[in-house]
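*Asks:* turn this into a structure:
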Amino acid sequence: MPTVLITGCSSGFGLETAKLFLEKGWKVVATMRRPTPDILPVSDHLTVLPLDVTDPASIRKAVEQIGDIDVLVNNAGFGAAVPVELIEPDTARELFETNTLGTLAMMQAVLPAFRERRGGTIINVTSTVTLKPLPLVSVYRASKAAVNALTESLAVEMEPFGVRVHIVLPGRSPETSFGNNALPHLRGLDNADYKPMIEGMIANFREESGPITHAVDVAAAVWRAATDPGAPLKIAAGEDAVQWMAEAEHWT
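*Replies:* Numbering: from 1, shown residues only. Below you'll find the model as predicted:
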């Protein structure tokens, strides 16, 4: 029975992905900074562990406790929608420490075993905001674009060792806690120049009409990456994400 380790399972994409892999009969290790096992179905195949991707000791303890891992899904992360001019340095550092360096640390934790075994799959969940310049998410976008670049190069490095590496790119998803988690970092509503831009962004993100990404779309994309040896390096997740990826080559 294969084992998947998924970070950031407390809600949204990570939670739905853990549920799907459980339904498919996999052994699932669902990790969260503050574990809440009752949000997942009761299963002998489920292990819920505390894991903070910014804490090397937490990563090391979790990976040692799990043992053999077949698939790593790096989903943990957070967003912040702030004008570049106004973003707090601590917020910028936290975005990169969690989204970029946390992902890197998780990959480094499993790569030695994957390489020696000549097998394994790493799936990094980033965002379609990396495909097109957008206002107010510049630093968040940069942290996720860095993960894209890391993943692309890692795929080349790992190909000789039979290790597959993929990027899943979700679109806009009002179902997730992204918006709520971003609100504490929001700056600029008291600025006459930025206020209309910020209010428009908030309204757009909460709008549920039109093409959007559902958590089940992301879970399905991760499942494809984990189980299809022919899956592409980059997989769009969600109707809007598919459109963005198709149009990306025309954007400058």
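*Asks:* so P50 touches A62, yeah?
*Replies:* Yes - look at P50 against A62 with C-beta atoms under 8 Å: they come within range, at 7.4 Å. Placement of C-beta: from N, CA and C, glycine included.
*Asks:* and for the two, which residues touch both?
*Replies:* T31 (C-beta atoms under 8 Å, 6 or more residues apart in numbering).
*Asks:* could you check which of those two has the larger neighbour count?
*Replies:* Higher neighbour count among P50 and A62: A62, with 22 against 13, using other C-beta atoms under 10 Å.
*Asks:* dump the residue contacts of that one.
*Replies:* Applying C-beta under 8 Å, 6+ apart, the residues contacting A62 are L5, V29, T31, L49, P50, L51.
*Asks:* what's the burial count for the fourth one?
*Replies:* Which is L49. For L49, the neighbour count with other C-beta under 10 Å is 18.
*Asks:* and the gap between it and S58?
*Replies:* L49 sits 9 Å away from S58, going by C-beta to C-beta, to the nearest Å.
*Asks:* mind listing the shared neighbours of these two?
*Replies:* Between them, L49 and S58 share no contacting residue under C-beta under 8 Å, 6+ apart.
*Asks:* if you count neighbours, what's buried in stretch 80-89?
*Replies:* By neighbour count on 16 or more other C-beta atoms under 10 Å, the buried set for stretch 80-89 is A80, A81, V82, P83, I87.
*Asks:* just the helices in the stretch 151-252 of the chain please.
*Replies:* Per DSSP state H, counting those that start in this stretch, the stretch 151-252 of the chain carries helices over the ranges 178-182, 195-206, 215-227, 239-248.
*Asks:* Throw the ones you listed into TSV and include distance to T151, mean pLDDT and mean neighbour count, thanks.
*Replies:* Listed next are these as TSV, based on distance: least, C-beta to C-beta, whole Å; pLDDT from 0 to 100; neighbours: other C-beta atoms under 10 Å:
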stretch	distance to T151	mean pLDDT	mean neighbour count
helix 178-182	20	57	17
helix 195-206	25	79	13
helix 215-227	11	98	23
helix 239-248	15	89	17
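*Asks:* next, format those as CSV and append distance to G12.
*Replies:* CSV is the format used below for the helices of the stretch 151-252 of the chain (distance: least, C-beta to C-beta, whole Å):
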stretch, distance to G12
helix 178-182, 7
helix 195-206, 14
helix 215-227, 6
helix 239-248, 15
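*Asks:* what's the closest of these to A113?
*Replies:* With distances scored as C-beta to C-beta, the stretch of the helices of the stretch 151-252 of the chain nearest to A113 is helix 215-227 (16.7 Å).
*Asks:* next, the angle from the closest one to helix 239-248.
*Replies:* Relative orientation of helix 215-227 and helix 239-248, computed by axes from the mean of the first three to the mean of the last three C-alpha atoms, to 10 degrees: 60 degrees.
*Asks:* distance between helix 215-227 and the chain's centre?
*Replies:* 12 Å (C-alpha atoms, centre = their mean, to the nearest Å).
*Asks:* repeat for stretch 29-49
*Replies:* 18 Å.
*Asks:* repeat that for stretch 38-51.
*Replies:* From the chain centre to the centre of stretch 38-51 is a distance of 19 Å (C-alpha atoms, centre = their mean).
*Asks:* if we can go back for a sec, list just the nearest of the contacts of A62 to K19.
*Replies:* When the contacts of A62 are compared for distance to K19 (C-beta to C-beta), V29 wins out at 13.7 Å.
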